[in-house]
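Chemist: My questions concern the predicted model and sequence given below.
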Amino acid sequence: MPQRPTVILVHGFWGGAAHWAKVIIELHRRGHTDIHAVENPLTSLADDVARTQKMVRQIDGPVLLVGHSYGGAVITEAGDLPNVAGLVYVAAFAPDAGESPGSISQAKPPEAFANIAPDSDGYLWVKPEKYRESFCQDLSEDEALVMAVTQKAPLGSTFGDAISAPAWKVKPSWYQISTLDRMIHPENQQMMAARMNPKDTISLEASHASLASQPGRIADLIDMAVEGTAG
């Protein structure tokens, strides 16, 4: 019987591993018993890649890396380990060599770019009163409030950290585009998806927080990738 890969979920900026809560529940309902969600420090791409790769190395067998938002940059850099069987991008950055999330965003700024502000310690925050309209306009006010208050701010310098060798060039990949995304321009998502030549691309009428607003569809994509990498 083919061995299904372990699913490792990698969060992005402005939220921790709990951003995957609804996807975790959906995957568990579907019979996935080996799911992990890494908690990254968001202090540098190197730090986040190192933490993610430690978790990958703990797994005895194939791994499917799933990245949301900046987590896509993390899996792009971390995905070259031999037991990484595939990559899933959820409204995520998939930079090429020499690119950073910041350089991609500056080339085509997203709608909510102006709602991100640094504090005096160099951490970037989504202005709390702008969080829902920026990040998750298709979630309830209560859910958006919790996300805004618990947001995990990255060090601003992390936004400019560039990729060295993109794993999507050598590993099978899947991509979900959020057509109503205000944090990563949808045209940037379309560009990144097209150039990686993924096994499949799905487009959802969703905010940046598609993992929370449409967890069933995200679980469908992960299921597709699991079946496509089982061996």
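Modeler: Received, thanks.

Chemist: From Asn40, how far off is the one residue sitting closest to the centre of the chain?
Modeler: In the chain, the centroid-proximal residue (CA atoms, centre = their mean) is His68; its distance is 1.3 Å. Going from His68 to Asn40 by CB to CB, to the nearest Å gives 11 Å. From N, CA and C alone the C-beta is placed, and that goes for glycine too.

Chemist: and for the two, which residues touch both?
Modeler: Common neighbours of His68 and Asn40, using CB atoms under 8 Å, 6 or more residues apart in numbering, are 10-11.

Chemist: show me where this protein has strands.
Modeler: In the chain, the strands defined using DSSP state E lie at 6-10, 35-38, 63-68, 84-90, 116-118, 124-126, 173-178, 200-204.

Chemist: Adding mean pLDDT, write these out as a markdown table.
Modeler: As requested, those are exported to a markdown table (pLDDT from 0 to 100):
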| stretch | mean pLDDT |
| --- | --- |
| strand 6-10 | 98 |
| strand 35-38 | 98 |
| strand 63-68 | 98 |
| strand 84-90 | 98 |
| strand 116-118 | 97 |
| strand 124-126 | 98 |
| strand 173-178 | 98 |
| strand 200-204 | 98 |
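
Chemist: With distance to Ile24 as extra columns, can I get these in CSV?
Modeler: As requested, these are exported to CSV (distance: least, CB to CB, whole Å):
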stretch, distance to Ile24
strand 6-10, 7
strand 35-38, 6
strand 63-68, 11
strand 84-90, 13
strand 116-118, 27
strand 124-126, 23
strand 173-178, 17
strand 200-204, 19
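
Chemist: how about those, which one is nearest Val149?
Modeler: Judged by CB to CB, the one of these that comes nearest to Val149 is strand 124-126, at 11.3 Å.

Chemist: Show me what counts as buried in the closest one.
Modeler: Using 16 or more other CB atoms under 10 Å as the test for burial, strand 124-126 gives 124-126.

Chemist: In its sheet, which strands sit next to that strand, and in what direction?
Modeler: strand 116-118 (antiparallel) (DSSP bridges).

Chemist: how far is the partner strand from where the chain is centred?
Modeler: 20 Å (CA atoms, centre = their mean, to the nearest Å).

Chemist: What are the buried residues along that strand?
Modeler: Result for strand 116-118 [16+ other CB under 10 Å]: buried residues Ile116.

Chemist: Show me the shaky parts of the chain.
Modeler: Counting by pLDDT under 70, the ranges of the chain that qualify are 1-2.

Chemist: Please report the distance of the nearest residue to Ile59 once chain neighbours are set aside from Ile222.
Modeler: Closest residue in space to Ile59, ignoring its immediate chain neighbours: Thr6 at 4.9 Å, by CB to CB, 6 or more residues apart in numbering. Distance, Thr6 to Ile222, by CB to CB: 12 Å.

Chemist: which residues do the two both contact?
Modeler: Contact criterion CB under 8 Å, 6+ apart; residues shared by Thr6 and Ile222: Leu64.

Chemist: Relative to Pro110, how far out is Leu145?
Modeler: Leu145 sits 22 Å away from Pro110 when distances are taken as CB to CB.

Chemist: So for those two, which residue has more residues nearby?
Modeler: Between Leu145 and Pro110, counting by other CB atoms under 10 Å, Pro110 is the more crowded of the two (20 against 14).

Chemist: OK, contacts around the closest residue to the more buried one other than its chain neighbours?
Modeler: With CB to CB, 6+ apart as the criterion, Pro110 has its nearest non-adjacent residue at 4.5 Å, and that residue is His185. Shown in contact with His185 (CB under 8 Å, 6+ apart): 105, 108-111.

Chemist: Noted, bye for now.
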